[in-house]
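[1] all I have is the shape, not the residue letters:
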């Protein structure tokens, strides 16, 4: 059966007309991820919760008999002006600018996007589906529609600078939505043993920014945090690379009203100090960051609208500089892990826990092959000369074994020389919209 599916993928990866591409690619992803999740989701609507457009915010709950809880924060852009909040900016703007549908959990993003939610790394032809550590857990799933990484606290009016549209009133209500969901989780899951707070992209940022509030509300026996590709880099002074972004969102989202509630170990003038705060306030919790060195999505948010030059090479250079400093900071705290592979052609190397864990592996000593190593795979010029750690193994060691894992993979071309990735990546990128 898997051989047949693999041949089908090869056939369907050939160029097709635009009218057929969208249908084909969702069907292919359905095959790739074994149908995604089909959980019975409970929709929760609470008074006062809003999406950015003022519509009712909804989050979703899946209940099991597990003592453990996954608190999943969805990603999808950010906004602080008319273009990015209205949806006109496209993929670099706010997700779901028109709100959250009642059937949201049956739609593409929530159904397919995260193996962590689905409890399994998707199966592929010649590669079996693998259950992962979160299989069978209770889930609180927070869709994203406020453009403020789930942590803003402001109603803001944005003006269309082209003059073509009326001013837009936007509700950066993420903090209220997040805190209400956390309090709901405490009421409905009063004796959580393991709490994993995680999210990707903007949801990764909110994982770090909101962990203190969520963890305090749920009060589990043991806490875990995994920020996927939403790093809050250090920015202690005006010349710091990420300082312009931090200044922008601090103002637009009224972050002082939220972060003033954090302990003194956090410094509002250096948002990157939130990593120190979380590590020191919860010294017995397991904390982690994962993301790619060649990320070209979140890195664009960080610098493209604030720095010149802002070509791809420059943006990657800024990102690498910030990431190196970030890793050095995390090294100060015994409870912080990091898992940083170099590159994956899926989603512009953005997010290592979405769709599939193919290509989401990291090796501390990824090096050019010795001449005699070409015998096994002559098309591949790179080899791991330490341990190749797949994402599912990282998760198991991190959560089940409470291990600290620190892998910062050096520059390499391993994934680009993987023949399967050259087929898989365009299909998934098509499903993701680019």
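    Right, received. Where do you want to start? This is a predicted model, so every value here is computed, not measured.
[2] list the buried ones in the helix ranked longest in the chain?
    The residue-count maximum for a helix in the chain (DSSP state H) belongs to helix 312-330. For helix 312-330, the neighbour count (16 or more other Cβ atoms under 10 Å) marks 315-316, 318-319, 322-323, 325-327, 329-330 as buried. (Glycine included, C-beta is placed from N, CA and C.)
[3] cool, stretch 183-197 as well?
    Neighbour-count burial for stretch 183-197 [16+ other Cβ under 10 Å]: 184-186, 189, 192, 194-197.
[4] what is the next helix or strand along the chain from the longest helix of the chain packed up against?
    Moving toward the C-terminus from helix 312-330, the next helix or strand (DSSP states H and E) is strand 336-340. Using 3 or more Cβ pairs under 8 Å, 6 or more residues apart in numbering; DSSP states H and E, the elements in contact with strand 336-340 are strand 286-290, helix 312-330, strand 406-408.
[5] relative to residue 380, how far out is the residue lying farthest from the centre of the chain?
    Outermost residue of the chain with respect to the C-alpha centroid, by Cα atoms, centre = their mean, is residue 372; its distance is 38.8 Å. Using Cβ to Cβ, to the nearest Å, one gets 14 Å for the distance from residue 372 to residue 380.
[6] ok, back up a step: out of the helices and strands packed on strand 336-340, nearest to residue 55?
    strand 286-290 (32.4 Å; Cβ to Cβ).
[7] in contact with the most centrally placed residue in the chain, which residues?
    What sits nearest the mean C-alpha location of the chain, by Cα atoms, centre = their mean, is residue 200, with 0.9 Å. By Cβ atoms under 8 Å, 6 or more residues apart in numbering, residue 200 lies in contact with 74-75, 113-114, 228-230, 351, 353-354.
[8] ok, residue 248 next?
    Listed by Cβ under 8 Å, 6+ apart, the contact partners of residue 248 are 80, 306.
[9] mind running it again at 10 Å?
    78, 80-81, 305-306 (Cβ atoms under 10 Å, 6 or more residues apart in numbering).
[10] coming back round to it: what subset of the contacts of residue 200 is buried?
    Buried among the contacts of residue 200 by 16+ other Cβ under 10 Å: 74-75, 113-114, 228-230, 351, 353-354.
[11] could I get these as CSV with distance to residue 278, pLDDT and secondary structure?
    Shown next, in CSV, are those (distance: Cβ to Cβ, whole Å; pLDDT from 0 to 100; DSSP: H, G, I helix; E, B strand; the rest coil):
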residue, distance to residue 278, pLDDT, secondary structure
74, 20, 97, coil
75, 19, 95, coil
113, 25, 84, coil
114, 22, 91, coil
228, 15, 98, strand
229, 17, 98, coil
230, 13, 98, coil
351, 21, 96, coil
353, 19, 96, coil
354, 23, 92, coil
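[12] just those residues now: which is nearest residue 212?
    For the buried ones among the contacts of residue 200, the residue nearest residue 212 by Cβ to Cβ is residue 230; the value is 15.6 Å.
[13] host element of residue 171?
    Here residue 171 is assigned to strand 168-172, by DSSP H and E.
[14] what are the pairing partners of that strand, and which direction each?
    strand 154-158 (antiparallel) (DSSP bridges).
[15] what's the offset of the strand it pairs with from the middle of its chain?
    25 Å (Cα atoms, centre = their mean, to the nearest Å).
[16] so what touches it?
    50, 52, 54, 79-86, 146-148, 165, 167-175, 251-255, 257-258.
[17] just the buried subset of these, please.
    Counted by 16+ other Cβ under 10 Å, the contacts of strand 154-158 give 50, 52, 79-86, 146-148, 168, 170-175, 252-255, 258 as buried.
[18] helices - which of those land there?
    82-86, 174-175, 252, 258.
[19] between these, which is closest to residue 128?
    residue 174 (38.1 Å).
[20] the closest one reaches residue 199, doesn't it?
    No. Residue 174 lies out of contact with residue 199 (Cβ atoms under 10 Å); the separation is 11.7 Å.
[21] give me the common contacts of the two.
    With Cβ under 10 Å, 6+ apart, residue 174 and residue 199 have common neighbours 73, 142, 144, 149-150, 206, 210.
[22] for this protein, what helix or strand is lowest in average pLDDT?
    When the helices and strands of the chain are scored by mean pLDDT, DSSP states H and E, helix 2-12 comes last with a mean of 38.
[23] residue 344: what's it in contact with?
    292, 294-295, 350-352, 356, 358-361, 414-416, 418, 421, 425.
[24] quick check: residue 121 vs residue 428, distance?
    In terms of Cβ to Cβ, residue 121 sits 14 Å off from residue 428.
[25] next one: residue 56
    Following Cβ to Cβ, the distance that separates residue 56 from residue 428 is 32 Å.
[26] those two: which has the busier surroundings?
    residue 428 (23 against 14; other Cβ atoms under 10 Å).
[27] so which strand or helix has that one?
    Using DSSP H and E, residue 428 maps to helix 419-432.
[28] give the contact list for the spatially closest residue to residue 345 that is not a sequence neighbour.
    Among residues not flanking residue 345 along the chain, residue 425 sits closest, at 3.9 Å (Cβ to Cβ, 6 or more residues apart in numbering). By Cβ under 10 Å, 6+ apart, the residues touching residue 425 are 13, 344-347, 358-359, 415-416, 418.
[29] out of the residues you listed, which are buried?
    Buried, going by 16+ other Cβ under 10 Å: 13, 344-347, 358-359, 415, 418, out of the contacts of residue 425.
[30] give me the lowest-pLDDT entry from the residues you listed.
    Taking the buried ones among the contacts of residue 425 together, the minimum pLDDT is found at residue 13 (40).
[31] partners of the helix or strand residue 367 falls within in the sheet?
    Following DSSP H and E, one finds residue 367 within strand 366-368. Paired strands of strand 366-368, with direction, are strand 382-384 (antiparallel) (DSSP bridges).
[32] could you list the buried residues of the strand it pairs with?
    Here strand 382-384 shows 382-384 as buried, counting by 16+ other Cβ under 10 Å.
[33] for stretch 40-55, same thing?
    So for stretch 40-55, counting by 16+ other Cβ under 10 Å, buried means 41, 44, 49-53, 55.
[34] now do stretch 409-425
    Result for stretch 409-425 [16+ other Cβ under 10 Å]: buried residues 409, 412, 414-415, 418, 420-421, 424-425.
[35] tell me how far it lies from the chain's centre.
    That offset, for stretch 409-425, works out to 20 Å (Cα atoms, centre = their mean).
[36] endpoint to endpoint, that stretch covers what distance?
    Taking Cα to Cα, to the nearest Å, stretch 409-425 runs 21 Å from one end to the other.
[37] pLDDT weak spots in the chain?
    Scanning the chain for pLDDT under 70 picks out the ranges 1-35, 123-127, 433-434.
[38] residue 390 and residue 179, how far apart?
    For residue 390, the distance to residue 179 - Cβ to Cβ - is 35 Å.
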